[in-house]
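# I'd like to go over a predicted model; first the sequence, then the structure.
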Amino acid sequence: MSKCQYIDNIDDPRVSIYRSLKSKHLEREGLFIAEGPKVINSLLASGIKVLSFLTTEGFRKSFGSRVPVYVMPLKEIEKVIGFRFHRGIMAVARSPRKLELEKTAGRLKKPLLLVALNGVNDPENVGLIARNAAAFGASAVIVDQKTYDPYYRRAVRVSMGAIFNMPVIYVDELRSGLRILKDKFGTRMIVTSLGPKSVDASDCDMGGNICLVFGNEDKGVDRDIIKEADEAVRIPIAKNIDSLNVACASAILLREAYLKRQSGKIHSKRR
């Protein structure tokens, strides 16, 4: 049964948490914001614990709930969240438990297709990569401390809820985490790089346990990680363009891996 509560004052303490949209407060508390009907449907289907909803009268009956549903006039909600509110409904939920690398990798179905993010500091790119990873059957996403949390509001939004069914592994330092994957699970590290030794992505062996590593939009993957990689790959593009957006690059390489692994064509053309 829905616990509907009407609120007409933006200073009401019951909705104070929704005023934390632009701060690190939610992350420290182990909470995140989801917004929009499609994302919230995915959230509810995932079984992640929802604490409350904030919505307008028009959306009040759209989501049955056993947690508080706060209903406010549209203009008041816009004052709370600080921008025009188009999506009709928001929710506060409890972030899933942060997964450890070795334990999680041991439980995942093999062969592994992992995606690692190294200093990806745009939350929308993080969300898009999570969505791409889910679309092409990745086992999990690994994020280092320099990468935006995939449960940041904008990352959740652009993932369109795909993040709710994608294991997220948190590591303090990516290089040591990748070494664990290599030593204990025989995982090959494939990095994106424009260096002279990089090969065309279509020539790369993507069979077995692999981890695709994507770096910062400006700096790319850290040099110490590139040095330890089993293979560096590039995506051929027009000469007058120096690089692709990291989320676009992830879609192309994940599709390449998906098609090769589905068809069994996993060996390099050079072999």
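Thanks, I have it.
# Please export the C-alpha coordinates of the one helix or strand residue 76 maps to as CSV.
Residue 76 is part of helix 74-81, with elements assigned from DSSP states H and E. Coordinates of each C-alpha in helix 74-81 appear next as CSV, following Å, rounded to 0.1, in the frame of the first residue of the first chain:
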residue,chain,number,x,y,z
LEU,A,74,5.8,20.9,-9.7
LYS,A,75,7.1,24.4,-8.9
GLU,A,76,8.1,23.4,-5.4
ILE,A,77,10.0,20.4,-6.6
GLU,A,78,11.9,22.5,-9.0
LYS,A,79,12.9,24.7,-6.1
VAL,A,80,14.1,21.7,-4.2
ILE,A,81,16.2,20.2,-6.9
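# Share the number of residues neighbouring residue 55, please.
Close neighbours of residue 55, defined as other CB atoms under 10 Å, add up to 25. All C-beta spots, glycine's among them, are computed from the backbone N, C-alpha and C.
# That one against residue 74, yeah?
No - taking contacts as CB atoms under 8 Å, residue 55 lies outside contact range of residue 74: 9.9 Å.
# hang on, the earlier thing: what's the average pLDDT for the helix holding residue 76?
Averaging pLDDT along helix 74-81 gives 75.
# What of stretch 144-163?
94.
# one step back: how far does the helix holding residue 76 sit from its chain's centre?
In terms of CA atoms, centre = their mean, to the nearest Å, the centre of helix 74-81 is found 27 Å from the chain centre.
# Output the contacting helices and strands for that helix.
Using 3 or more CB pairs under 8 Å, 6 or more residues apart in numbering; DSSP states H and E as the contact test, no helix or strand touches helix 74-81.
# From residue 211, how far out is residue 257?
Going from residue 257 to residue 211 by CB to CB, to the nearest Å gives 11 Å.
# my bad, residue 137
Going from residue 137 to residue 211 by CB to CB gives 14 Å.
# Could you do residue 134 as well?
Between residue 134 and residue 211 the distance is 16 Å, computed by CB to CB.
# which one of the two has more residues nearby?
residue 211 (27 against 20).
# So in that sheet, which strands flank the one helix or strand that one maps to, and in what orientation?
Assigned by DSSP H and E, residue 211 falls within strand 210-215. When pairing is defined by DSSP bridges, strand 210-215 lines up against strand 113-118 (parallel), strand 188-192 (parallel).
# can you list contacts of it?
111-120, 129, 142, 174, 178, 181, 187-192, 221-222, 225, 229, 246, 249-250, 253-254, 257 (CB atoms under 8 Å, 6 or more residues apart in numbering).
# Check the residues you listed for burial and list the buried ones.
111-120, 129, 142, 174, 178, 181, 187-192, 221-222, 225, 229, 246, 249-250, 253-254, 257 (16 or more other CB atoms under 10 Å).
# Where do the strands of the chain begin and end?
3-6, 31-35, 50-55, 68-71, 89-94, 113-118, 140-143, 168-170, 188-192, 199-200, 210-215, 231-234 (DSSP state E).
# mind giving me a markdown table with the ones you listed and columns for distance to residue 158?
A markdown table is the format used below for the strands of the chain (distance: least, CB to CB, whole Å):
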| stretch | distance to residue 158 |
| --- | --- |
| strand 3-6 | 29 |
| strand 31-35 | 11 |
| strand 50-55 | 20 |
| strand 68-71 | 25 |
| strand 89-94 | 15 |
| strand 113-118 | 14 |
| strand 140-143 | 14 |
| strand 168-170 | 15 |
| strand 188-192 | 20 |
| strand 199-200 | 29 |
| strand 210-215 | 16 |
| strand 231-234 | 25 |
